[in-house]
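>>> Any chance you can model this:
(one chain, ligands or ions: 1)
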Amino acid sequence: MSDNRSSTNARPSSNVNHNGKRRADEGQDDLPQPYNASSLQPVKRRAVSPSDQPRKQKRPGARARISESQREAIQRRQVERDRESASAYEEHNSMRGNHDVVRQHYNSVPERGREWRTRDSKIKGLRVFNNWIKSCIIQRYSPDEDHTPGSREAGHSSGKELLVLDMGCGKGGDLNKWQSAPQPVQLYVGLDPADVSITQARDRFRNLSSRGGRGGHHRRPPPRLFDGRFYVKDCFGESIESLEIIQQVGFDPSPMNRRGFDVVSMMFSMHYAFESETNARNMLRNVAGALKKGGRFIGCIPNSDVLGEHVRKWNEEHAAKKKAAEEAKANGTAPDEEPAEEKEEGEADDDEPPADPGAEWGNSIYRVRFPGKTPEDGIFRPAFGWKYNFFLDEAVEEVPEYVVPWEAFRALAEDFNLELQFHRPFLDIWEAEKDDRELGPLSERMGVRERGGGPLLISDEEKEAASFYLGFCFYKV
Ligand SMILES: C[S@@+](CC[C@H](N)C(=O)[O-])C[C@H]1O[C@@H](n2cnc3c(N)ncnc32)[C@H](O)[C@@H]1O
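Got it, this is the predicted structure:
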């Protein structure tokens, strides 16, 4: 899901904070020096309010006299609390388990270079198509409302440069797209829990710097390369507020945030947050906290309408097959069953009804498989924890992902003052933008379609895999 390209002025690095201590959560060897643009000041820490201080006991040491029934009630409550915390611990551990699987998977995906991705990959059509879609979203929705289109080409920009936060930045596949954004970028911060990916993103950024910001598919001369920062960070299981750069830019989830990033981008990564309501809320708090008022939250995720429709059809077909088998059995027309094999001692009892199989579909390049029962009507309720395994040839190996039920996501985003601006399936974005003055020729240079406004150069199977996604943009109001 990424591409490769170029640029200038990478700043020197240090991984030492203001106290001269190594920043443990960043896990990197050579961080750029603390950001020193005059507009960015560290936020002041809130003093602990009296109500946050531990309460003093009125009669320290005094022992309460309690009856037998009170003692039993206390013991019962204690047992109850222990049970609750044990199940919360188990839930936390299983979530950490999935998180580690995802992190390890992305860490192990080899970086094979642009040549391979654009020439030899079996899914090269899908890769360039997805990259073109991401470019469209960045081109259309990253600029400020008052940015004058075309001012960059004409050589005069409004002077205001963007602060961009990329959550789940992976190997830095979007760096070039940001270098070609209509409104120039001043600062790009990339966060991802996969440490190997972060190292590769930082290398890619250095490469871009050494090539003077040149590369990729855009024709116009590149401007000075932005300042790039990369940190190992889980953006869904915890707050990103602890990162110094986030504090410097400004973090405040309230609608009053006048400081903060202009854009938060989450390309192909947000669905991992829908493992639980807690993680989805953490994620949105991080987005809303990092964005300034008027800032944009852009991204792409699997389309829950597509997932729901496949699930509904699969359940319908499964129910029809089951009914036909039952009827055949009742009529005595069922094919003869194989004689039951003798069981070994200790072998599980095969007479138990088999676990309900999950919905499954795909083609030779992608596959979706739900491990358990799915909603018959294809509507995912409750909104969190609908796990499926996703396989994409050469890119994603059976990694657990989570359905993002669109309406639930949109309603939750509103709780965080994020208002929907745009939401479209990938193939509709293609139809809407393919003949645009800038994006049309870009699609030809990238090899998404034939020259001269020709047809899409992706196979039907790649097209089906692409139709799995949608793009979105929210505004922080
Ligand atoms: C399909 S890759 C997309 C990478 C990049 N955004 C792109 O479009 O090329 C998904 C990324 O989400 C990241 N991710 C998974 N869990 C995350 C989390 N809790 N916080 C932030 N990123 C996460 C993965 O490590 C991985 O790099």
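
>>> where along the stretch 301-450 of the chain do the strands fall?
Shown for the stretch 301-450 of the chain, the strands assigned by DSSP state E, counting those that start in this stretch span residues 360-362, 366-369, 387-392, 396-402, 418-425.

>>> The ligand is nearest to which of these?
Across these, the ligand has its closest neighbour in strand 396-402 (6.6 Å, C-beta to the nearest ligand atom). C-betas here are computed from N, CA, C, even on glycine.

>>> which strands and helices sit next to that closest one?
helix 68-108, strand 387-392 (3 or more C-beta pairs under 8 Å, 6 or more residues apart in numbering; DSSP states H and E).

>>> Mind telling me which of these the model trusts least?
Across these, helix 68-108 has the smallest mean pLDDT, namely a mean of 72.

>>> Count residues in the vicinity of Asp336, would you?
The tally of other residues near Asp336 (other C-beta atoms under 10 Å) stands at 5.

>>> For this protein, which helix or strand comes out least confident on mean pLDDT?
helix 113-115 (a mean of 67; mean pLDDT, DSSP states H and E).

>>> What average pLDDT does the helix or strand just after it get?
Remark: after helix 113-115, the chain's next helix or strand is helix 124-141, criterion DSSP states H and E. For helix 124-141, mean pLDDT is 96.

>>> Residue numbering should commence at 18 henceforth.
I'll keep to 18 as the first residue from here, and by that count the last item is helix 141-158.

>>> now the angle between strand 435-442 and helix 141-158, please.
140 degrees (axes from the mean of the first three to the mean of the last three C-alpha atoms, to 10 degrees).

>>> Just the CA trace of helix 141-158, in PDB.
Only the C-alpha atoms of helix 141-158 are listed here, as PDB (Å, rounded to 0.1, in the frame of the first residue of the first chain):
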ATOM      1  CA  LYS A 141       1.100  -3.900  -8.900                       C
ATOM      2  CA  GLY A 142      -2.200  -2.700 -10.400                       C
ATOM      3  CA  LEU A 143      -3.800  -2.600  -7.000                       C
ATOM      4  CA  ARG A 144      -0.800  -1.000  -5.400                       C
ATOM      5  CA  VAL A 145      -0.700   1.900  -7.900                       C
ATOM      6  CA  PHE A 146      -4.500   2.200  -7.800                       C
ATOM      7  CA  ASN A 147      -4.500   2.500  -4.000                       C
ATOM      8  CA  ASN A 148      -1.700   5.000  -4.100                       C
ATOM      9  CA  TRP A 149      -3.500   7.100  -6.600                       C
ATOM     10  CA  ILE A 150      -6.600   7.100  -4.400                       C
ATOM     11  CA  LYS A 151      -4.600   8.200  -1.400                       C
ATOM     12  CA  SER A 152      -3.100  11.000  -3.500                       C
ATOM     13  CA  CYS A 153      -6.700  12.100  -4.400                       C
ATOM     14  CA  ILE A 154      -7.700  12.200  -0.800                       C
ATOM     15  CA  ILE A 155      -4.500  14.200   0.200                       C
ATOM     16  CA  GLN A 156      -4.900  16.500  -2.800                       C
ATOM     17  CA  ARG A 157      -8.600  17.200  -2.200                       C
ATOM     18  CA  TYR A 158      -8.800  17.300   1.600                       C
END
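
>>> quick one: secondary structure of the closest residue to the ligand within the chain?
For the chain and the ligand, the shortest gap (C-beta to the nearest ligand atom) falls at Gly187, measuring 2.7 Å. State at Gly187, reduced to three classes by DSSP: H, G, I helix; E, B strand; the rest coil: coil.

>>> pretty sure it contacts Ser214?
Yes: using C-beta atoms under 8 Å, Gly187 is in contact with Ser214, at 5.1 Å.

>>> out of those two, which sits in the busier spot?
For Gly187 versus Ser214, neighbours defined as other C-beta under 10 Å are more numerous around Ser214 (25 against 21).

>>> quick one: the more buried one and Asn303, what's the gap?
Distance of Ser214 to Asn303, given as C-beta to C-beta, to the nearest Å: 18 Å.

>>> Over to the most centrally placed residue in the chain: give its phi and psi.
With distances taken as C-alpha atoms, centre = their mean, Ser286 lies nearest the centre of the chain, 1.8 Å away. Torsion angles at Ser286 (phi, psi; degrees, to the nearest 10) stand at phi -130, psi -20.

>>> Cross-check the contact I'm expecting between it and Gly187.
Yes: here Ser286 reaches Gly187: they are 7.4 Å apart, a contact under C-beta under 8 Å.

>>> joint contacts of the two?
Taking C-beta atoms under 8 Å, 6 or more residues apart in numbering as the contact criterion, the residues that touch both Ser286 and Gly187 are Asp209.

>>> Burial check on the residue lying closest to Val494 once chain neighbours are set aside, number of neighbours?
Nearest non-adjacent residue to Val494, counting by C-beta to C-beta, 6 or more residues apart in numbering: Glu436, 4.8 Å away. By other C-beta under 10 Å, 13 other residues sit near Glu436.

>>> The one 10 residues further on too?
The number of residues packed near Ile446 is 22, by other C-beta under 10 Å.
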